[in-house]
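# Take a look and give me a structure for this.
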Amino acid sequence: MPTTDISAHEAIRNLLGTYCERMDAGEFDGLAELFADARMSDEHGNVFATGREQIAKMWHAQTILYDGSPRTRHLTANPIIDVDDEAGAAVVRSTYVVLQWTDETPLQPIITGRYVDRFRRDEYGVWRWDERSYAVDHAGDLSHHLRS
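Purely as a prediction, here's the structure:
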């Protein structure tokens, strides 16, 4: 059984960091495991993937890899974590920046935006994603990162 000896805030921050780590490593199946029972939507609530299989398929299909890695560095910053302990739920608002470098491009920011994440605590006390909603604020050259 997983340990629950860290605070909700730290557990959720760890999930945000694990997302970045797995994305940058091109570990899309492990990444989708974080969203096994969750959905992904845009800032208007339009859902475009739900559950482990759809989410893994989405990342495998859209992300360009270079020797197994997308050559990115995802940074999630400024998390504002609101926990409702009684309900076993949390909402997190944060910002993101994605940097990328390839043989053809220098290290550069390629996209910035905002996340609104919803989490729930399961029957074992483990925090899990319910939904990730994201907005794009600025987009640069994504042609080396995402397939159109």
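
# What is the burial count for residue 63?
When neighbours are counted by other C-beta atoms under 10 Å, residue 63 registers 17. No exception for glycine: its C-beta is placed from N, CA and C like everyone else's.

# typed the wrong thing, it's residue 124
For residue 124, using other C-beta under 10 Å, the count is 10.

# Then residue 64?
16.

# Pull the contacting residues for it.
Shown in contact with residue 64 (C-beta atoms under 8 Å, 6 or more residues apart in numbering): 70, 144-147.

# Could you pick out which of those residues are located in strands?
Residues of those located in strands (DSSP state E): none.

# Nearest to residue 119 among the residues you listed?
residue 70 (24.9 Å; C-beta to C-beta).

# Am I right that that closest one is in contact with residue 27?
No. Using C-beta atoms under 8 Å, residue 70 makes no contact with residue 27, being 10.6 Å away.

# So those two - more neighbours on which side?
Between residue 70 and residue 27, counting by other C-beta under 10 Å, residue 70 is the more crowded of the two (22 against 16).

# Tell me where this protein has helices.
For the chain, the helices defined by DSSP state H cover 8-25, 28-34, 51-62.

# got a list of contacts for the second one?
Around helix 28-34, the neighbours that count as contacts under C-beta under 8 Å, 6+ apart are 15, 18-19, 22-23, 52-53, 55-56, 59-60, 63, 128-129.

# ok so, going back, make JSON lines out of the helices of the chain and add distance to residue 76.
Output for those, formatted as JSON lines (distance: least, C-beta to C-beta, whole Å):
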{"stretch": "helix 8-25", "distance to residue 76": "5"}
{"stretch": "helix 28-34", "distance to residue 76": "13"}
{"stretch": "helix 51-62", "distance to residue 76": "16"}
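
# Correct me if wrong: residue 55 contacts residue 48.
No. With contacts counted by C-beta under 8 Å, residue 55 stays clear of residue 48, the gap being 9.5 Å.
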